[in-house]
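# Fold the following.
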Amino acid sequence: MQEGMKEVELIIEKMAYGGWGMGRVAGKIIFVPYTVPGERVIGEIASEKKNYAVAIFREIMEVSPLRQSPFCNLFGQCGGCHYQHLAYQEQLLIKEQMLKEFLTPLLAKDSPCKIYSLFPSPEDRGYRIRAQLKGAQKLGKQILGFYGRKSHQIVEIKECPLLHPLANLILPGVRQWTEKEAGLFIKNLEVQVSPAEGKGIIFLQAVNNITEKLVNKLITNVPQLKGVTVKGKRNFTAGEMLLDYKFLGAPGKENVFLQASYDSFVQVNLGVNQQLIKMVLEWAELEGKERVLDLFCGLGNFTLPLAQVAPEVWGIDANESAINLARQNASKNRLKNCQFLLGLAEEELAKLKKNIDRIDVLILDPPRAGAGKKVLKLAVELHPQKIIYVSCEPPTLVRDLKLLLSWGYELQKIQALDMFPQTYHFEVIAFLSRRL
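Below you'll find the model as predicted:
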C-alpha cells in the first residue's frame with residue numbers, strides 16, 4: 001500500500017468474523033463493512049496496523065448479485081445489524097463457512113468430527129425478545145437508541161425490525177412518556193417480553209429522580225407493560241418483574257415452564273433456543289442413570305429438561321437472581337432431583353469435588369469470555385464421559401476446545417445455530433467424548 005494512501009479500491013474476497021468484508025491491496029488485508037464477496041468497492045482508510053487496515057465503505061464499483069436492499073432505513077448507521085444487505089440464505093452460508101475456518105487449525109485431517117449444516121432461525125426478523133437501548137439528551141430532548149457501529153454515538157430508533165412485535169408496541173409508549181414528562185433522563189433501558197404471556201418488563205437506569213407515581217403512569221398507559229424496575233437516585237420496582245416462558249421438555253415428558261427477570265439471562269431467540277434444548281437432550285443420550293453438571297446454568301434452561309431424565313443434576317451460576325429463579329423453576333416443574341449452587345464456577349466446582357467423585361455429562365454454556373482453563377481443568381477432574389459445550393463466541397470456544405482435546409477428549413460433532421439473524425453472531429454447540 002502506498003504511504004499516506006487514504007482511499008483504496010479493492011475486491012471483496014470473503015466475509016470475515018465481525019461483520020467485515022475482506023480484501024487486499026498490495027498484499028495487505030483490508031476490512032470494509034457492509035460489503036459483499038465479489039464486489040469491487042472503494043473504501044477510505046480509517047485505521048491502519050502493521051498487518052491490516054480498516055476502511056470506511058464509500059462506493060461500490062461492481063455490485064454483487066448477492067446484494068439486497070436493507071429492510072431498515074437505519075442500516076449502516078445503527079450498529080445493531082451487519083448483514084441486512086445480504087439475502088438470509090447467504091448469511092447462513094457465510095456463518096457456516098466461518099465456523100469451518102475457526103475449526104480448521106483445531107481438527108486433524110483424520111478427525112472423526114462431523115460438522116452439521118447451520119440451523120436457521122425460524123424467523124429472520126422480529127425474533128429478539130430482549131434488547132438494551134442507550135439514552136441521551138439531544139437538544140434538550142430524551143432520545144433512546146442503539147450505538148452506531150464501533151462508536152458510542154447513539155442512533156435514535158423509533159422501532160427495530162429485529163425486536164419482537166411486542167417490544168415494538170412497548171417502546172413507543174415509553175417514548176411518549178419521556179416526551180410528556182419534562183426533565184426525565186434515562187441513561188439505559190432494557191426491555192424484555194414474553195410472547196406467550198403477551199407482556200413485557202423494563203429496567204431503567206435513570207440519571208435524575210424518577211418517582212413511583214411517574215412509573216405507575218407509564219405502566220397504566222402501556223397495557224403490554226407488566227412491571228418496571230428503576231435504578232438511579234432511588235431504586236424501586238413498580239408492578240411485577242417476572243415473565244413466563246414455556247419450552248418443550250424431554251421426549252415423552254411435560255413442557256418446562258420458566259420464569260425470568262431482567263437480571264437473569266434468557267436467550268434472545270426463543271425458536272433457536274428451543275432447538276438448542278432439543279439438541280442438548282439428544283446429544284446427551286441420557287438413559288436415566290446419569291449424573292449431569294450444568295455449568296453457567298442460569299435459570300435452568302438446560303438443567304430442568306435434563307433433570308426430567310437424569311436422576312442427579314447440578315447447576316452452577318454466579319448470578320444470584322438466576323439461581324434463585326432456577327430453584328423456583330425446579331419447584332414449579334416438580335423436579336426435586338436438581339441442586340443449584342450459587343457462586344463462581346471454579347469455587348463451586350472445588351466444593352462439589354469434595355462431595356462427588358465423578359459426573360457422566362458436563363454441560364457448558366458460558367458467557368462470551370468462555371469457560372477458561374481453570375474452570376475446565378476442575379470440571380474434567382470429575383471425569384465426565386460426555387461434554388456438551390454451547391457458545392455464542394467461536395474464538396473462545398475454539399480456545400477452550402483446544403484445551404479439552406489436549407486433555408483426552410475428542411470432538412465428535414459440532415453445529416452452528418443462527419441465534420442472531422442479520423448480525424455476524426451465531427451460536428455453536430459442540431459434543432466431545434472422552435477417549436478410551
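# Which segments of the protein make up each domain?
Annotated domains of the chain cover 7-62, 96-123+269-434, 130-243 [automatic domain parsing].
# Show me what stretch 8-21 is in contact with.
1, 22-25, 30-45, 53-55, 61, 64, 82-83, 94, 97-98, 102, 149, 394-395, 423-424 (C-beta atoms under 8 Å, 6 or more residues apart in numbering). All C-beta spots, glycine's among them, are computed from the backbone N, C-alpha and C.
# Just the buried residues of these.
For the contacts of stretch 8-21, a burial check counting by 16 or more other C-beta atoms under 10 Å picks out 22-23, 25, 30-43, 45, 53-55, 64, 82-83, 94, 98, 102, 149, 394, 423-424.
# Please list the members of the residues you listed that lie in strands.
Among the buried ones among the contacts of stretch 8-21, the members found in strands (DSSP state E) are 22-23, 25, 30-33, 40-43, 45, 53-55.
# Okay, buried residues for stretch 179-194 please.
Of the residues in stretch 179-194, those buried under the neighbour-count criterion (16+ other C-beta under 10 Å) are Leu184, Ile186, Leu189, Glu190, Val191, Gln192, Val193, Ser194.
# now swap in stretch 288-306 and tell me
By 16+ other C-beta under 10 Å, the buried positions in stretch 288-306 come out as 290-306.
# What of stretch 329-349?
Neighbour counts over stretch 329-349 (16+ other C-beta under 10 Å) mark 329-330, 332-333, 335, 338-342, 345-346, 348-349 as buried.
# Determine which two of the residues you listed are furthest apart.
The distance between the two most remote of the buried residues of stretch 329-349 (C-beta to C-beta) is 29.7 Å, for Lys332 and Glu346.
# residues touching Leu276, list them.
Gln267, Phe302, Val390, Leu417, Glu427, Ile429.
# In these, find the pair that's most separated.
Phe302 and Leu417 (14.0 Å).
# List the contacts of Lys49.
Contacts of Lys49 by C-beta under 8 Å, 6+ apart: none found.
# Go again with 10 Å.
The neighbourhood of Lys49, defined by C-beta atoms under 10 Å, 6 or more residues apart in numbering, consists of Lys28, Ile29.
# And the helices in the stretch 1-150 of the chain, which stretches?
Assigned by DSSP state H, counting those that start in this stretch, the stretch 1-150 of the chain shows helices spanning 88-103.
# sorry, that was for the stretch 301-436 of the chain
Remark: helices assigned in the stretch 301-436 of the chain by DSSP H, counting those that start in this stretch are 303-307, 320-332, 345-353, 373-380, 394-406.
# how close does Ile186 sit to Gln142?
6 Å (C-beta to C-beta, to the nearest Å).
# Overlap of the contact sets of those two?
Common neighbours of Ile186 and Gln142 are listed as Gly135, Ala136, Val174, Trp177, Thr178 (criterion: C-beta under 10 Å, 6+ apart).
# Can you select the buried ones among those for me in PyMOL?
In PyMOL syntax, the buried subset of those is picked out as below (16+ other C-beta under 10 Å):
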select buried, resi 135+136+174+177+178
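# So for Gly4, what's the pLDDT?
pLDDT, Gly4: 52.
# What distance do you get for Met279 to Leu162?
Taking C-beta to C-beta, one finds Met279 at 24 Å from Leu162.
# the more surrounded of the two?
The neighbour comparison of Met279 against Leu162 (other C-beta atoms under 10 Å) goes to Leu162, with 25 against 19.
# show me what contacts the nearest residue to that one once chain neighbours are set aside?
Ranked by C-beta to C-beta, 6 or more residues apart in numbering and with sequence neighbours excluded, the top spatial neighbour of Leu162 is Arg128, at 4.9 Å. Listed by C-beta under 10 Å, 6+ apart, the contact set of Arg128 reads 80, 160-164, 167-168, 191-193, 268-270, 420-422.
# Check Ser69 too.
Ser69 sits next to Phe75, Gln84, His85 when contact means C-beta under 10 Å, 6+ apart.
# circling back to that earlier point, need the residues touching each of Phe302 and Leu417.
Common neighbours of Phe302 and Leu417 (C-beta under 10 Å, 6+ apart) are Asn273, Leu276, Val390.
# quick one on the thing from earlier: what is the nearest of the buried residues of stretch 179-194 to Lys246?
Relative to Lys246, the closest of these is Ser194; by C-beta to C-beta it sits at 9.2 Å.
# which residues touch the closest one?
Counting by C-beta under 10 Å, 6+ apart, Ser194 has contacts 129, 164, 166, 200-201, 226, 242-246, 258-260, 266, 270.
# what's around Ala131, how many residues?
Ala131 is flanked by 20 other residues according to other C-beta under 10 Å.
# Closest to the centroid, which residue in the protein?
Closest to where the C-alpha atoms of the chain average out (C-alpha atoms, centre = their mean) is Cys392, at 5.7 Å.
# which residue sits closest to that residue, ignoring its sequence neighbours?
Nearest residue to Cys392 in three dimensions, chain neighbours excluded: Glu427, at 5.4 Å (C-beta to C-beta, 6+ apart).
# Return the residues in contact with the one you found.
Per C-beta under 10 Å, 6+ apart, neighbours of Glu427: 95, 118-119, 267, 269, 272-273, 275-276, 365, 390-394, 397, 415-420.
# Check it and give its pLDDT.
98.
# separation between it and Ala206?
Taking C-beta to C-beta, one finds Glu427 at 33 Å from Ala206.
# Run through the stretch 251-400 of the chain and note the low-pLDDT ranges.
Scanning the stretch 251-400 of the chain for pLDDT under 70 picks out no residues.
# hey, where'd the strands end up in it?
With DSSP state E, counting those that start in this stretch, the ranges of strands along the stretch 251-400 of the chain come out as 256-260, 291-295, 312-317, 338-342, 361-364, 386-391.
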